[in-house]
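> sharing a sequence plus its predicted fold:
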Amino acid sequence: MIYRSKAPFRLGLAGGGTDVSPYSDLYGGAILNATISLFAQANIEPISEPYIIFHSIDQNLQLQFPLHTRLETDNGLELQCGIYNRLLSENVLGKQGFKLTTHLEVPAGSGLGTSSTLVVAILKAYSEMLNLPLGDYDLAHLAFEIERLDLKLSGGKQDQYAATFGGVNFMEFFEDGKVIVNPLRIRQEYLFELENNLVLYFTSISRQSDEIIREQQKNVTNHNQSSIDAMHQLKEQSKMMKEALLKGKLDAIGEILDFGFMQKRKMAHNISNDYMDELYDTARKAGASGGKISGAGGGGFMFFYCPRNTKFKVIESLKKFNGYFMNYQFTKYGAQSWKIQTD
């Protein structure tokens, strides 16, 4: 038997950063995001030997450990080890060895929620194999706890919930880790037009988000009013984006993204850089009405809203840089799992 799963990555359309504590605990956060047809994949295959094997296709790394041994997490596969340690501590693992193989369809550190989406995919595969009674909120919260509490990785809360629930969601974040996911019923023609007009571009710079997020958290803790005010504005941006999508005011989306781009740069000093500013300015001059740095910033993906037929000119204008474009569609579903019988 092979147990498989996949979880979709997301585009954070508005409100980015307001899901990160302590801001979300003090003021409440709000984010609008949408999942896309690029996935993190996990496969678990039971083996007869008393070992667990973790194989990361992307990192070209394979590690083997004795079964039922608590694992160190400083070996390059901290997510896989952290998840295993949590399940081991909750005494839900069986007595049979297995091999866990993982793969990402986008580069790690690209700003689409790669780490959190991978955690969700792995947990979904374990859930399929072990028949764990995890609802969507349970799965997303467990993924959050493993990343942020067990492994102490910096970051917010939106990615785990986006990967689990899927679709277009307006998410609200409160103190004590409370999260409410509000699925949005967007007319299909609006989604088709949004999909057509959003150009997804990888800058060819992968980055570690920890430093940026820690600075953002420090700015809130130290009452940096400029940074806090920017986060307030980004929270309002998520409400503006929700209204635009629900009412089909698609021409406003670029302006809403541009507003958020200007605010986000005030949250931490290294969210953007000269290279990314030049990319943004080039796309704007070619016809994009706005855009966004995906994720924490500093590199990874950017996307640009190109109204009418301007996307072709925008794409042509960005070819002089070192990045590349990626095709996608919006998805309606979150993490999925299944099993197949093997010979």
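Right, received. Where do you want to start? Note that the structure is predicted; figures quoted are calculated from it, not measured.
> going by C-alpha atoms from here, please, whenever you check contacts or count neighbours.
Noted.
> average pLDDT across stretch 167-179?
Taken as a whole, stretch 167-179 has an average pLDDT of 93.
> now do stretch 68-79
What stretch 68-79 shows for mean pLDDT is 93.
> what's that stretch in contact with?
The contact list for stretch 68-79 (C-alpha atoms under 8 Å, 6 or more residues apart in numbering) reads Phe54, Ser56, Phe65, Cys81, Gly82, Tyr84, Asn85, Leu88, Ser115, Val119, Glu147, Leu151.
> could you look up the SS state of the fourth one?
Applying DSSP: H, G, I helix; E, B strand; the rest coil to Cys81 yields a three-state assignment of helix.
> can you give me the helices for the protein?
For the chain, the helices defined by DSSP state H occupy 23-27, 78-89, 114-130, 136-144, 158-165, 188-197, 210-221, 225-247, 253-264, 274-285, 311-318.
> and the gap between Thr188 and Phe39?
One correction, residue 188 is Gln, not Thr. To Phe39, Gln188 is 22 Å away according to C-alpha to C-alpha, to the nearest Å.
> those two - which one has more neighbours?
Neighbour tally, Gln188 and Phe39, criterion other C-alpha atoms under 10 Å: the higher count belongs to Phe39, 24 against 9.
> partners of the more buried one in the sheet?
Pro8 (DSSP bridges).
> what does Gly97 give?
Here Gly97, judged by DSSP bridges, has bridge partners Ile47.
> and the gap between it and Ser24?
Gly97 is 40 Å from Ser24, by C-alpha to C-alpha.
> of these two, who's got more company?
Ranked by neighbour count (other C-alpha under 10 Å), Gly97 and Ser24 place Ser24 first, with 23 against 19.
> was I right about the more buried one contacting Asp176?
No: counting by C-alpha atoms under 8 Å, Asp176 is not a contact partner of Ser24; they are 9.3 Å apart.
> buried subset of the contacts of stretch 68-79?
Phe54, Ser56, Cys81, Gly82, Tyr84, Asn85, Leu88, Ser115, Val119, Glu147 (16 or more other C-alpha atoms under 10 Å).
> from the residues you listed, pick the one nearest Gly290.
Ser115 (26.8 Å; C-alpha to C-alpha).
> show me the shaky parts of the protein.
The model of the chain has pLDDT under 70 over residues 206-212, 268-272, 296-298, 343.
> show me the domain layout of it.
2-185, 188-325 (automatic domain parsing).
> to Ser337, which of those lies closest?
Nearest of these (C-alpha to C-alpha): domain 2-185, 4.1 Å.
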